[in-house]
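**Q** predicted coordinates and the sequence they were generated for:
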Amino acid sequence: MPKRRWSPSGIAKIERDRHIIDLRKAGFGFEKIAAQLGCKPYVCRKVISNAMRALIEIDQGALEEILQLELERTNDMLMAIWPDVLSGDLRATLVALKIQERRAKFLGLDAAERMDVSVSGGLMIQTETPESAAEDIRERMAEMRTRLLEAPDGGVATNGHAGGG
């Protein structure tokens with residue numbers, strides 16, 4: 001394995017960056033850090049931004065590894081009971097379905113489905129759940145009620161229909 005050779009200026013930059021991070025963690029602002037270390041505030045911002053980006057990449061990599069491990073485990077479990085599923089074993093089939101449900105959750109395949117709800121009178125709601133559809137309808141009805149009450153003719157039209165249409 002070849003040796004890495006660090007220049008004195010490279011080592012000084014690493015030490016300065018570490019000091020910037022430590023001061024920021026201690027609650028110092030970029031202006032104060034820059035004044036204390038004799039650099040520009042944008043340098044401090046860049047160091048912190050790069051450090052945060054590196055941490056996010058490390059965390060993302062760890063999450064991807066955990067996900068891959070969990071998916072491999074669900075595959076192994078499914079493979080172990082699959083012959084019983086194929087032979088018609090009801091219990092093995094139920095367990096296989098549970099494993100597949102868990103796998104779908106890991107992969108985000110069970111995301112809420114978008115629903116389109118239409119109500120007579122041209123009201124169209126796009127929502128994720130029946131509960132949120134009901135809430136959207138209540139909100140829209142309250143808005144329509146307010147508009148009717150604020151209409152100059154009190155919401156009564158001369159053609160016999162509410163709302164002046």
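**A** Noted; the coordinates are in hand.
**Q** list the buried residues of the helix or strand containing residue 105.
**A** Assigned by DSSP states H and E, residue 105 belongs to helix 90-107. Buried residues in helix 90-107, counted by 16 or more other CB atoms under 10 Å: 92, 95, 96, 99, 102, 103, 106. C-beta coordinates here come from the backbone N, C-alpha and C atoms, glycine included.
**Q** and of the residues you listed, the nearest to residue 18?
**A** Nearest to residue 18 among the buried residues of helix 90-107 is residue 106, at 36.9 Å by CB to CB.
**Q** doesn't residue 66 make contact with the closest one?
**A** No. Using CB atoms under 8 Å, residue 106 makes no contact with residue 66, being 9.7 Å away.
**Q** quick one: average pLDDT of the helix holding residue 105?
**A** For helix 90-107, the mean pLDDT works out to 90.
**Q** please save the CA atoms from that helix in CSV.
**A** Extracted C-alpha coordinates of helix 90-107, given in CSV (Å, rounded to 0.1, in the frame of the first residue of the first chain):
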residue,chain,number,x,y,z
LEU,A,90,-51.9,-22.2,3.8
ARG,A,91,-49.8,-21.2,6.8
ALA,A,92,-46.7,-20.9,4.6
THR,A,93,-48.7,-18.8,2.1
LEU,A,94,-49.8,-16.4,4.9
VAL,A,95,-46.2,-16.1,6.1
ALA,A,96,-45.1,-15.4,2.5
LEU,A,97,-47.6,-12.7,2.2
LYS,A,98,-46.4,-11.1,5.4
ILE,A,99,-42.8,-11.2,4.1
GLN,A,100,-43.9,-9.7,0.8
GLU,A,101,-45.8,-6.9,2.7
ARG,A,102,-42.6,-6.1,4.7
ARG,A,103,-40.5,-6.1,1.5
ALA,A,104,-43.0,-3.7,-0.2
LYS,A,105,-42.7,-1.4,2.8
PHE,A,106,-38.9,-1.4,2.6
LEU,A,107,-39.2,-0.5,-1.1
